[in-house]
Structure formats: C-alpha cells, structure tokens
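could you work out the structure for the sequence below:
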Amino acid sequence: MKRHLRHLVTSGMIALGLVLASGPSSLAQSSVVAVPPPQVADYWVSISRQPGGTLVFDGYAPSAAVRDALGLHAGADISWLKLGSGAPSGYDAATAFGLDVLGRFSEGRFALRGSVLSVSGVAATQADFIALHQTLADQVPPGLILAMAEISAPHVESYAFSLRRQPNGNVLLSGFVPEPELEQRLLLAVGARASSTLRFGSGEPLNFEASIDKVLPLFALLKEGEIKLDSGAWFFSGTPLTAADAESIRATFARDHLSETGWGLALAAPAPSAPAVPEQTQVASSAPEPVVAEPAPAEEVAQPAAEPVEPPWSKLRRKLKSLLHRLARPKPWSSAEPRSQRSPLKTAFSSAQALPFLPRGRRRSSRLWRTRSTTARAPPSMSPATPILTVKPLRTWRCPSRAPKR
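Sure, this is the predicted structure:
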C-alpha cells in the first residue's frame, strides 16, 4: 500500500514538473510586442559603389524588411545600415533611383538627406556617360530635388586633343574633352564649317580648358593649322593668313609667356597675296526694248517763244557795221600807203573802227561823234606812220519829229 502511494506521489510530481516547465515558454510566446525603431530627426541614407563593384549602404532604413530587401542586391553590404523611424515619403523611390544610377558608374556615391539628392562618380563607358546626363536631366523622381550631380567621363590614360583647320577651310575637332559643354562651346567658336569626332574622357591635364581659351582667338588668324595636345605638351602650328597675323601671334605668345608654360610654336611663312582682280560684271545681251514716245499732255506743249523787239537804233548799228565791212573787204587798208592815195572810203572805214557803238537804252536824244584822222606822235610800240584817231563831239542831234516848231 505504501509502495503504491509512493508511486502515485512520484508520478504526480513528475507531471507537475513537466507542466511547470512547459507553461512559461508558451506564455512568453504569446506575450511578444513589436517595438518600432527609434525616431530619427536627420534621416539620411547613402550607397557607395567601390571599384570592385561592392555596394556599401550606410545611414538608416525604415524597417528590417526594407533593410533585408536592400541586402539582396549583388555585392550589397548592409552592415552599416541601421533601423530608424521618420523616413521621407520618397525613400523607396530614391533608393531605387540611386541603385539604377550607380549601375552606370565604375565608382561613385548616391546620397539622400530628407528630400535632397546628390550624385557623384565616374561613368563606366562613353555610352553610360551620355545616358547619365540624360537620366539626371529628366528622370529624377517627383518630390525629390537633385542638388548636386558631378559625373566624370571614363578615365583616359593617354589624353589627346586636336583642333585643326584644313586647307579648304573646314575645321575638325578630335581627341577627348572632359564634358559636352566644352565641345558645344568650341563648335560655336570656330564657325559653321566645324565638325566633331570628340569623345568624353577624364584625366585631362591641369588647366585644360583655360589653355585652349588662351590660344583660341589666334586660331582665327591661321589659313591652315592646328592646336594640339599630345603626350601632355601643347603645340600651336600652321600658316597665318598674312605676315601681320604672324607677327600678332608671336607677340601674343611673348606677352602671355605661353612658351614658358609649355606651349610650342611653329609658323610657316604666309603665301604672298595675289593682286586683286576686279570683278567684271557680265551684262546679258538682249535686244533693246522699243521706246514708245508718250504723247505730251495738251497743257505741257511748249509754245513758241515770242521774238524780242529790237530798238530802231540797234538795226541801224548792225546795217552800218555790215556795210563798212563789205566795202573794205576787196583791199585791206595799209598804213604804209601814202596819204594822198587813200580814198575817202578807206579813211571812213579806219575811222569807224574807233567809233563806239551807240549807247543802249531808249532815249529821245543821243550824241553824235565825228572822227577825224590825224597823224600824231606814236607810242614806242607803234609805227610812226600809224594814224592816231581822235574822237570829239560835234553837236547834239535831235529827232526832226521832235524839233520845236517855230
């Protein structure tokens, strides 16, 4: 009996121990409460792509599920990513955008702080460099602000550049430039006949763009030539348009000490300018068009001008002069002829040569002048036999019709 009671007590104690051992665990499992991450006032997250392809996450994630999802990307390291509440509304869209951008980098960094984005890095290829510029220009998620974007072209070990004017006037750009903005500026500077095969690359020498700007105005003075960067050294060579342009290029190199900063200069003698040939205007031969005379208007027909009325003494003077010339024309009078052989007509003609014309104007009376031929002492320039004419007034003549009546 005692043995039976002892067995029952032992069995009950074992059962009670098993119940007590299993009870607290089930009670603990049913009483677990999820506690949210601590609130973060300055919320940020960053993703860095290392040269080997590793993605290092840093900052905060809103939940463990989001952190685990970010850790699923190839090469992801989320050991530095902490949990924190207060993430911005565009957290998921921003991290997805950052991972897409970093996929085109050989190395770079993406960061989100609040609603502000920043991107920097080196593009993996030429195509990635161009695509990144387009993506950052028009594919930023709404509600986010792209505050900084510093993208470098793929690194180039041997950096080269050439700006060459060919003999036909065409300009060709080749080699590398660090960014598309410089390519566009150079194309505008050299004119409409320029073409470009430039590629984008980083690793350019120090002051690359400033060095080009120093000699770019001189490039316009070349008939043909080149601005060249090769093996880290700059060269300016070619044929200037004129001798004055050659002197201007040399003076600029001396003034700006370009030779001392590593520039090489090689100029050929400009070709002598040919004399300018005047352009001949070619006139097309065509039959002259007939000119049709237009009839003048009735009121514009010129009327014959009225003949001026001559005074009576003018006709008399003209008739007297004609008569004297006609009478004296057969034999001109000679001063060597003896005075006794002179005819009265010749004497009158010689005297009429000194007769002044009657004065103009309409007068009732005029003075008559009578001439008398006398021989007087001649001046030294005249022959002694030259007659000297003396003219003196005779009397006042009055018109008979106007004479007073007696």
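
for the record, mean pLDDT for stretch 93-105?
Average pLDDT, stretch 93-105: 95.

export that stretch as CSV, just CAs?
C-alpha atoms of stretch 93-105 as CSV (Å, rounded to 0.1, in the frame of the first residue of the first chain):
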residue,chain,number,x,y,z
ALA,A,93,11.8,55.6,-55.0
ALA,A,94,15.0,57.5,-54.1
THR,A,95,17.0,54.3,-53.2
ALA,A,96,15.7,52.6,-56.4
PHE,A,97,16.8,55.6,-58.5
GLY,A,98,20.2,55.7,-56.8
LEU,A,99,20.8,52.0,-57.4
ASP,A,100,20.0,52.5,-61.1
VAL,A,101,22.4,55.4,-61.4
LEU,A,102,25.2,53.6,-59.6
GLY,A,103,24.8,50.7,-62.1
ARG,A,104,26.3,53.0,-64.8
PHE,A,105,29.3,54.1,-62.6
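
now do the buried residues in that stretch.
Using 16 or more other CB atoms under 10 Å as the test for burial, stretch 93-105 gives Ala93, Ala94, Thr95, Phe97, Gly98, Leu99, Val101, Leu102, Arg104, Phe105. Yep, even glycine has a C-beta here, placed from its N, CA and C like the rest.

so Pro76 sits against Leu55, correct?
Not Pro; residue 76 is Ala. Yes - using CB atoms under 8 Å, Ala76 is in contact with Leu55, at 4.8 Å.

more neighbours, these two?
Remark: of Ala76 and Leu55, Leu55 carries more neighbours, 21 against 17, as counted by other CB atoms under 10 Å.

got a list of what that one touches?
Ile47, Ser48, Arg49, His73, Ala74, Gly75, Ala76, Asp77, Leu99, Leu102 (CB atoms under 8 Å, 6 or more residues apart in numbering).

disregarding residues adjacent in the polypeptide, which is nearest to the third one?
Nearest residue to Arg49, sequence neighbours excluded (CB to CB, 6 or more residues apart in numbering): Leu102, at 4.6 Å.

ok, now the fourth one?
In space, and not counting its chain neighbours, His73 is closest to Leu55: 6.0 Å by CB to CB, 6+ apart.

and that neighbour, its phi and psi?
phi -110, psi 110 (degrees, to the nearest 10).

ditto for the one 3 residues further on
With angles defined as degrees, to the nearest 10, Asp58 sits at phi -140, psi 160.

any idea how far Pro272 is from it?
Distance of Asp58 to Pro272, computed by CB to CB, to the nearest Å: 71 Å.

quick one, which of the two is more surrounded?
For Asp58 and Pro272, the more surrounded residue by other CB under 10 Å is Asp58, and the numbers stand at 17 against 8.

any weak-confidence spans in this structure?
1-34, 273-313, 328-406 (pLDDT under 70).

Asp230: what's it in contact with?
Counting by CB under 8 Å, 6+ apart, Asp230 makes contact with Ala160.

could you give the number of residues near the residue lying closest to Gln39 once chain neighbours are set aside?
Taking CB to CB, 6+ apart, and ignoring the residues beside it in sequence, Gln39 has Ser85 as its nearest neighbour in space, at 4.7 Å. Ser85: 13 surrounding residues under other CB under 10 Å.

hmm, Ser85 is touching Pro36, no?
Yes - counting by CB under 8 Å, Pro36 is a contact partner of Ser85 at 5.6 Å.

any idea how far Val122 is from Leu229?
21 Å.

for Ser79, that is, sorry about that
On the measure of CB to CB, Ser79 and Val122 end up 25 Å apart.

and if you look at Thr261?
28 Å.

same check, this time on Thr239
Taking CB to CB as the measure, Thr239 falls 40 Å from Val122.

in three-state terms, how would Val35 be classified?
The three-state label given to Val35 by DSSP: H, G, I helix; E, B strand; the rest coil is coil.

report the contact partners of it.
Applying CB under 8 Å, 6+ apart, no residues qualify as near Val35.

any residues touching the helix or strand containing Ala137, and which ones?
Using DSSP states H and E, Ala137 sits within helix 126-138. Helix 126-138 is contacted by residues 100-101, 104-105, 119, 123, 146, 149, 151, 153-154, 180, 199-200 when judged by CB under 8 Å, 6+ apart.

nearest to Leu267, of those?
Checking these against Leu267 by CB to CB gives Arg199 as the nearest, at 29.4 Å.

tell me the spacing between the closest one and Ser48.
Using CB to CB, Arg199 is found at 27 Å from Ser48.

next helix or strand past the helix holding Ala137?
strand 145-152.

and that next one, what's buried?
Ala149, Ile151, Ser152.

the residue nearest to the second one when sequence neighbours are not counted - how many residues pack around it?
Yep, that's Ile151 we're talking about. Distances taken as CB to CB, 6+ apart put Leu132 closest to Ile151, at 5.3 Å, once the chain neighbours are dropped. Neighbourhood size, Leu132 [other CB under 10 Å]: 21.

repeat that for Gln50.
If you count neighbours by other CB under 10 Å, Gln50 ends up with 14.

what do you get for Asp42?
10.
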